[in-house]
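My questions are about this predicted structure, shown below with the sequence.
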Amino acid sequence: MRRKLAAGNWKMNGTGAQLAELDRLAAAHPEPGVDVLICPPATLIHRAASALAQSPVSVGGQDCHAAMSGAHTGDVAAQMLAEAGATAAILGHSERRADHGETDAQVRDKTAAAIAAGLVAVVCLGESLDDREAGRTLDVVGAQLDGSVPDDASADRLVIAYEPIWAIGTGKVPTLEQIGEVHDFLRDRLSARFGREPGTAIRLLYGGSVKPGNAAEIFAVNNVDGALVGGASLKAEDFSPIIAALEAA
Ligand code: PGA
């Protein structure tokens, strides 16, 4: 049985004042029936983890470097995230693939570093609108999955987030059939690679314009084990009903 996960990605949003949203979220969900993860900017991880020390809500990073330390100005190592209080890290988000040219091979190395540091790696993949319209979606996400996930990954340290690039921050959402098709495909691909039981245990999140108004129908789709939420994770009043919809799914 896969434990469901509601993950929030604050992206490059939030200074200290934003931490009040975490107090509201923790107060609204003292004993959530699903895993809840918030990934704030790196500068807030330590303070967020402190604010949530008495709460089951956990904190993650949005990226890490593949190396443990070294001459990489501006980067953050996985063990640094862990020491700051993170228990997870998002890797290979499409904005990092676009803004920083991250390749599948780099994402795989970062994912391996996150796992080695004891973090849960939330590995993102998803097709562009051109890929979708050209009928290449499954080829693209299949290749990303193969290339971005290291061989030693397993369900306790790996979550996959399917995020169609054209759905992120746009208010556009694939049909439930399209989401289901990709999630079933990813499930089969993970089972083929890692074995039926290990592949079945890995959680698959959907991400891209998840809101309180569409969360319940998305969570009813087969093989959707939760969501990676951007804009609607910034305010507790928006993220809270998404958590509740996942608890009810
Ligand atoms: P969005 O972002 O919910 O604002 O579309 C999702 C994401 O990029 O993880």
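Good, I have the coordinates.

Enumerate the residues of this structure near the ligand.
9, 163, 168-169, 207-210, 228-232 (CB under 6 Å from any ligand atom). C-betas here are computed from N, CA, C, even on glycine.

For these, which entry has the maximal number of neighbours?
The most neighbours of any of the residues of the chain next to the ligand, using other CB atoms under 10 Å, belong to Val210, which has 29 neighbours.

ok, back up a step: output the residues of the chain next to the ligand as TSV; include the columns secondary structure and pLDDT.
Listed next are the residues of the chain next to the ligand as TSV, based on DSSP: H, G, I helix; E, B strand; the rest coil; pLDDT from 0 to 100:
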residue	secondary structure	pLDDT
Asn9	strand	98
Glu163	coil	98
Ile168	coil	96
Gly169	coil	95
Gly207	strand	98
Gly208	coil	98
Ser209	coil	97
Val210	coil	98
Leu228	strand	98
Val229	strand	98
Gly230	coil	98
Gly231	helix	98
Ala232	helix	98
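
out of the residues you listed, what pair is the most spread apart?
Within the residues of the chain next to the ligand, Glu163 and Ala232 form the most distant pair, 13.8 Å apart (CB to CB).

from the residues of the chain next to the ligand, which single one is nearest Leu44?
Asn9 (12.9 Å).

surely the closest one meets Leu234?
No: with contact defined as CB atoms under 8 Å, Asn9 does not reach Leu234; the gap is 9.6 Å.

Are we agreed that Ile90 is in a strand?
Yes: per DSSP: H, G, I helix; E, B strand; the rest coil, Ile90 lies within a strand segment.

Across the sheet, point out what pairs with it.
Val122 (DSSP bridges).

What count of nearby residues applies to it?
With other CB under 10 Å as criterion, Ile90 counts 27.

give the contact list for it.
Applying CB atoms under 8 Å, 6 or more residues apart in numbering to Ile90 gives the contacts 7, 9, 39, 60-63, 122, 124, 161, 228.

Buried subset of the residues you listed as a ChimeraX selection?
To isolate the buried subset of these in ChimeraX, counting by 16 or more other CB atoms under 10 Å, use the following:
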select :7,9,39,60,61,62,63,122,124,161,228
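
Tell me which of the contacts of Ile90 fall in strands.
Mapping these onto strands (DSSP state E) picks out 7, 9, 39, 60-61, 122, 124, 161, 228.

related to what we said a few turns ago, out of the residues of the chain next to the ligand, which one sits closest to the ligand?
Gly230 (2.3 Å; CB to the nearest ligand atom).

Would you agree Glu31 falls within a strand?
No: Glu31: not assigned to a strand; according to three-state DSSP it is coil.

Return the distance of it relative to Gly126.
According to CB to CB, to the nearest Å, Glu31 and Gly126 sit 32 Å apart.

quick one, which of the two is more surrounded?
Shown here are Glu31 and Gly126; by other CB under 10 Å, Gly126 has more neighbours (27 against 6).
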